[in-house]
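**Q** everything below, folded, please.
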Amino acid sequence: MLAALLFFLTACAGKISTQAAAAATQQPQATAIATQAAAAPTVPPQPNATATMVDTRKPLGIIAIGHSGLTGESSDTTRLPGMPALENSWATGNSSKVNSVYKRLAAVYPEIVGHVANEAVGGSLVTDLADQARAALQKVPNPQLVIIKTIDNDIRCDGSDQNFIKGFGNAVAEALDVIVKASPDSKILIVSQPGRPATNAAATAVDPNAVAKIEGTGICAMFNPDGSMNKEHIATLTGIIESYEAEQTRVCSLVPQCKTDGGAFATYIDDISRMTPDLGHLTVEGQARLAEIIWPVVSNLLALK
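**A** Next up is the predicted model:
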């Protein structure tokens with residue numbers, strides 16, 4: 001699904017402003033910057049304190065930077081809505097139900113256990129990536145894999161997005177520069193948006209209460225105030241998303257260590273049962289599906305056997 005982006009559709013529908021939406025996500029996540037361990041049957045809560053001693057000249061471990069699409073936000077129903085649940089992250093989580101990229105890597109390289117850092121924070125903008133990268137590299141200095149998930153919080157849906165595409169690309173480039181200079185042998189993976197607006201709208205349409213949360217008149221509102229689907233707005237939103245994706249692909253192509261997912265996440269098929277109640281994030285089942293989709297891309301990027 002277009003998980004975190006649905007948060008913005010509410011803003012585009014006129015319910016709240018984009019800035020307020022970002023703040024609403026950011027507040028409960030002020031402490032979401034964290035490292036986490038996973039993959040072995042028993043993993044200590046402070047991975048870097050007990051990480052296996054290895055040759056630090058060899059790339060080892062994984063870091064993730066970006067927004068709440070990496071933090072498992074709202075996926076733990078025992079916590080307050082909007083709280084991160086890093087254990088459920090499709091990228092770095094330790095939940096056996098999710099079977100994250102980190103856990104899958106640890107199955108191939110047991111020595112990776114403990115060498116993981118997730119510095120993503122809900123509400124983050126593309127301009128936060130460079131500082132997140134610096135923080136993550138302090139914890140895992142020479143990772144095999146760097147995962148970047150951005151875009152969502154930079155989408156404005158007010159007709160001005162094209163004016164910000166170049167600046168978006170510059171910020172991605174800055175983050176890549178930080179990573180490559182600090183760890184030139186790391187592989188960097190920039191992922192696309194999960195799902196597309198059309199499939200997201202189709203999944204949401206089955207629940208009138210969900211439709212009511214995101215209907216409106218903004219140019220990205222997928223549903224009109226009367227609850228009917230607005231195909232023109234869906235096409236507009238799709239175009240905006242793909243403009244940002246094209247820019248991050250262009251910037252990534254200039255860095256030999258960087259690859260995109262080639263649109264793998266875009267193939268995700270939305271399902272209302274995998275959306276959290278806020279309609280802006282993925283459940284544990286949704287997180288597991290993203291991990292499953294992206295693993296072949298990671299395996300190919302790292303030339304795993």
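
**Q** and the average pLDDT for stretch 116-124 is what?
**A** Across stretch 116-124, the average pLDDT comes to 98.

**Q** also stretch 186-201?
**A** Rounded to a whole number, the mean pLDDT of stretch 186-201 is 97.

**Q** and what of stretch 283-298?
**A** Confidence over stretch 283-298 (mean pLDDT, whole number) is 98.

**Q** give me the contact list for that stretch.
**A** Outside stretch 283-298, the residues that touch it by Cβ atoms under 8 Å, 6 or more residues apart in numbering are 1, 3, 72, 75, 88-91, 93, 95, 97-101, 104-105, 145, 189, 191, 194, 259, 261-262, 264-265, 267-268, 271, 273-276, 282, 304. Every C-beta, even on glycine, is put in place using the N, C-alpha and C of the backbone.

**Q** please spell out the PyMOL selection for the buried subset of the residues you listed.
**A** The buried subset of these, as determined by 16 or more other Cβ atoms under 10 Å, is captured in PyMOL by this line:
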select buried, resi 1+3+72+75+88+89+90+91+93+95+98+99+100+101+104+105+145+189+191+194+259+261+264+265+268+271+274+275+276+282
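
**Q** give me the pLDDT for C12.
**A** The predicted structure scores C12 at 37 on the pLDDT scale.

**Q** whoops, P277 was the one
**A** What the model reports for P277 is a pLDDT of 89.

**Q** could you do T52 as well?
**A** According to the predicted model, the pLDDT of T52 comes to 45.

**Q** okay, which residue is most central for this structure?
**A** For the chain, the residue nearest the mean C-alpha position is G69 (3.3 Å; Cα atoms, centre = their mean).

**Q** H115 versus that one, what's the distance?
**A** Counting by Cβ to Cβ, to the nearest Å, the gap from G69 to H115 is 22 Å.

**Q** one step back: for the residue nearest to the centre of the chain, helix, strand, or coil?
**A** Secondary structure state of G69, per DSSP: H, G, I helix; E, B strand; the rest coil, is helix.

**Q** you'd agree it is up against N153?
**A** No: counting by Cβ atoms under 8 Å, G69 stays clear of N153, with 9.6 Å between them.

**Q** for A135, grab the count of nearby residues.
**A** Neighbouring residues of A135 were enumerated by other Cβ atoms under 10 Å; the total is 15.
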